[in-house]
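In: Generate coordinates for the sequence data below:
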Amino acid sequence: MKRTLRAIITVLSLGPLAVFATPLPEGLPADAVATVGDEVIRFSQLNTLLNSSPVVGLSIPALGTPERNQVMVGLLDKAISANLLYLDAVKQGKDRSPKYQEELRTFSDGIIAGLYRARYLIGDIEVTPEEIDAFYKDQIVEGTEMTERLRAGIEASVRKDKFKQRTATMRERLREGIDVTLHEEHLDISEDALRSNSDVVASYGDKKITWGEVKAQLTLPINTLSRERRVEALNSTIDNRLMVEKGRAAGLEKDPVYLTRVGEFQKTRLVTLHRTELIRQMEPDDKQLRDYYEKHRANIEFKERRKILMVVLETREQAKEVKAKIDRGELTIYEAAMEYSIHPDAKQNLGDFGWVTQGTGFPELEKLTFALGPDELGGPVESPAGWHLVKVVDLQEAQLTDIADEATRKATRRLYLKEKLSDYVVGLRKNEFGVVVYDENLKRLFKNEAQWIAAKTREMEANPGRAQEILDEMRKVVE
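Out: The predicted model follows:
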């Protein structure tokens with residue numbers, strides 16, 4: 001656990017900018033691991049964040065492992081930074097911008113409509129034993145054994161059919177008792193440029209929809225393929241508005257799913273908009289970019305690399321003799337490494353030294369290595385390790401070595417802005433909003449998780465038949 005605490009301090013690198021506090025104050029959730037101003041970061045949020053983050057080519061570390069704990073600490077640092085930017089955005093009134101408010105309304109309406117559709121228009125689809133038996137009798141070849149697998153398949157088919165039936169009648173049920181009128185004379189695609197934004201294109205109940213309200217949607221390429229496609233798009237807009245109105249009337253704005261989803265969007269979207277604006281303000285001019293590159297070029301450029309085979313001999317004479325044998329075809333360099341090389345790993349790697357980077361080796365040996373052409377055998381040359389024969393089997397040319405090159409400018413700009421934004425966030429930690437990390441509680445939660453996983457593993461070993469059920473329980477912990 002000492003390693004865990006060291007990881008917390010090392011990864012967060014907050015120093016005097018954060019307070020490491022213990023024990024957990026009253027009033028905070030039991031799984032709170034940090035506070036940023038009045039925002040609380042919970043262990044469960046880090047778990048969810050980790051399991052929803054796509055990591056290309058990498059697997060998510062298993063629950064309860066030190067590797068996962070280290071990743072979680074890294075995510076805690078990111079969560080702290082995100083919360084600092086969120087509080088900064090709110091302090092500056094960015095949450096009151098028309099663009100943000102419109103995006104928030106659109107997202108909120110989408111969640112309400114989705115919940116209303118799922119819960120009121122579709123609802124829970126139950127399949128009774130009688131329906132399964134009827135399907136078996138009507139659709140399955142007589143004499144087929146009713147196995148559990150077949151029963152599950154039949155249940156899925158019946159549920160799918162019932163879902164299709166409910167979906168097919170959804171619009172009719174949604175609009176029951178509501179007069180809906182489409183003014184198709186204002187939907188002619190050829191007259192889009194002439195149409196006034198105030199033209200009413202549809203009405204439902206006592207509500208009217210003008211061309212200006214739906215123009216952006218109805219002029220999308222897919223909705224200009226035909227009048228029929230445009231009419232369907234307008235009908236979908238009406239359906240969505242009705243679901244939002246009915247959903248709000250049904251109190252779905254108080255639903256936990258709605259509150260969670262909108263709360264997450266409210267914060268993450270505001271952070272994204274604020275970060276984008278900050279980056280725009282930090283954009284470097286040409287001189288700043290060039291100066292930054294010259295100061296940090298060692299962290300930006302990729303020096304030339306070469307993949308080499310090497311044989312190390314005790315004397316110059318021995319090295320010259322072995323090289324001559326290789327040149328005459330009496331030996332391959334692999335055989336020479338195995339039979340003659342004094343390097344301790346030669347018999348295992350057959351002289352394969354992998355990739356070497358310019359500027360990282362013995363001067364004379366490096367001079368030879370980076371002067372050779374592909375598949376050219378060079379040497380002997382001396383180093384403190386002995387006399388070397390070197391062959392280059394592959395090479396990667398130096399990259400990002402000229403700030404005039406577009407790729408170099410992009411890499412430099414990216415690093416410049418990352419550093420500037422990081423400095424800005426550190427300033428928020430230091431001067432604007434208090435950051436407290438509850439390290440003892442974090443260590444306790446890591447320990448509890450590891451013990452819980454160990455207990456569940458023993459339970460699976462003792463009850464193989466319940467393995468899938470237990471795995472599902474474990475999965476719910478991080479969803």
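In: Only C-alpha atoms from now on, for both contacts and neighbour counts.
Out: Fine.
In: Name the residues of the helix or strand encompassing Leu50 that are buried.
Out: Taking DSSP states H and E as the definition, Leu50 sits inside helix 43-51. Neighbour counts over helix 43-51 (16 or more other Cα atoms under 10 Å) mark 43-47, 49-50 as buried.
In: For it, output the C-alpha coordinates as CSV.
Out: What follows is helix 43-51, C-alpha atoms only, in CSV (Å, rounded to 0.1, in the frame of the first residue of the first chain):
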residue,chain,number,x,y,z
PHE,A,43,-14.3,6.4,-6.6
SER,A,44,-17.2,5.0,-8.5
GLN,A,45,-16.9,7.9,-11.0
LEU,A,46,-13.3,7.0,-11.7
ASN,A,47,-14.3,3.3,-12.2
THR,A,48,-17.0,4.4,-14.7
LEU,A,49,-14.6,6.7,-16.4
LEU,A,50,-12.0,4.0,-16.8
ASN,A,51,-14.4,1.5,-18.2
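In: Just after it, pick out the following helix or strand.
Out: That would be, after helix 43-51 and using DSSP H and E, helix 66-91.
In: Give the other helices and strands that that next one contacts.
Out: If you count contacts as 3 or more Cα pairs under 8 Å, 6 or more residues apart in numbering; DSSP states H and E, helix 66-91 packs onto helix 2-12, strand 32-36, strand 39-42, helix 43-51, helix 256-282, helix 406-431.
In: Which SSE is immediately downstream of that helix?
Out: Downstream of helix 66-91, the next assigned helix or strand under DSSP H and E is helix 98-116.
In: and that next one, how far from the chain's centre?
Out: In terms of Cα atoms, centre = their mean, to the nearest Å, the centre of helix 98-116 is set 23 Å apart from its chain centre.
In: How about stretch 179-194?
Out: Distance of stretch 179-194 from the chain centroid (Cα atoms, centre = their mean) equals 42 Å.
In: what's next to it, contact-wise?
Out: With contact meaning Cα atoms under 8 Å, 6 or more residues apart in numbering, stretch 179-194 is reached by 195, 199-205, 224, 226-227, 230-231.
In: Next: stretch 299-312.
Out: Counting by Cα under 8 Å, 6+ apart, 293, 319, 333, 336-337, 340-343, 346, 351-358, 369-370, 385-401, 408, 411-412 sit against stretch 299-312.
In: run the last query once more with 7 Å
Out: The contact list for stretch 299-312 (Cα atoms under 7 Å, 6 or more residues apart in numbering) reads 336-337, 341-343, 351-358, 386-401, 412.
In: Can you say which of those residues are buried?
Out: For those, buried by 16+ other Cα under 10 Å: 336-337, 341-343, 351-353, 355-358, 386-393, 395, 400-401, 412.
In: how about the nearest residue to Gly378, chain neighbours excluded?
Out: Val390 (5.2 Å; Cα to Cα, 6 or more residues apart in numbering).
In: swap in Leu313?
Out: Nearest non-adjacent residue to Leu313, counting by Cα to Cα, 6+ apart: Trp387, 5.0 Å away.
In: how close does the residue of the chain most remote from its centre sit to Ala324?
Out: Largest separation from the mean C-alpha position in the chain: Glu317, at 57.9 Å (Cα atoms, centre = their mean). Separation of Glu317 from Ala324 (Cα to Cα, to the nearest Å) stands at 11 Å.
In: Among the helices and strands packed on helix 66-91, show me which one is buried the most.
Out: strand 32-36 (a mean of 23; mean count of other Cα atoms under 10 Å).
In: what bridges to Val36?
Out: Beta-bridge pairing of Val36 under DSSP bridges involves Glu39, Val435.
In: Got the domain ranges for this protein?
Out: With domains defined by automatic domain parsing, the chain comprises 2-91+432-478, 169-250, 303-396.
In: just to revisit the earlier point, show me the contacts of stretch 299-312 that map onto helices.
Out: For the contacts of stretch 299-312, membership in helices holds for 336-337, 412, with DSSP state H as the criterion.
In: mind listing what the residue nearest to Tyr340 when sequence neighbours are not counted touches?
Out: Computed as Cα to Cα, 6+ apart, the closest residue to Tyr340 that is not its neighbour in sequence is Leu313, at 6.9 Å. Applying Cα under 7 Å, 6+ apart to Leu313 gives the contacts 319, 340-342, 386-388.
In: Relative to Ser97, which of these is nearest.
Out: His388 (67.6 Å; Cα to Cα).
In: for this protein, which spans come out with low pLDDT?
Out: Where the chain drops to pLDDT under 70, the residues are 1-22, 52-59, 474-479.
In: so what strands line up beside the top strand by length along it?
Out: Ranked by residue count under DSSP state E, the longest strand found in the chain is strand 386-396. Taking DSSP bridges as the criterion, strand 386-396 forms sheet pairs with strand 305-313 (antiparallel), strand 377-383 (antiparallel).
In: With respect to burial, which of those scores highest?
Out: strand 305-313 comes out most buried of these by mean count of other Cα under 10 Å, with a mean of 23.
In: show me where the stretch 151-300 of the chain has helices.
Out: Per DSSP state H, counting those that start in this stretch, the stretch 151-300 of the chain carries helices over the ranges 170-174, 211-218, 227-249, 256-282, 286-300.
In: From the chain's centroid, how far away is the longest one?
Out: Offset of helix 256-282 from its chain centre (Cα atoms, centre = their mean): 16 Å.
In: Same check on the second one?
Out: Centroid separation for helix 211-218 versus its chain: 33 Å, with Cα atoms, centre = their mean.
In: Report the buried residues of it.
Out: Buried-residue list, helix 211-218, by 16+ other Cα under 10 Å: 211, 217-218.
In: Would you format these as JSON lines with distance to Ala454 included?
Out: Below are the buried residues of helix 211-218 laid out as JSON lines (distance: Cα to Cα, whole Å):
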{"residue": "Trp211", "distance to Ala454": "61"}
{"residue": "Gln217", "distance to Ala454": "53"}
{"residue": "Leu218", "distance to Ala454": "56"}
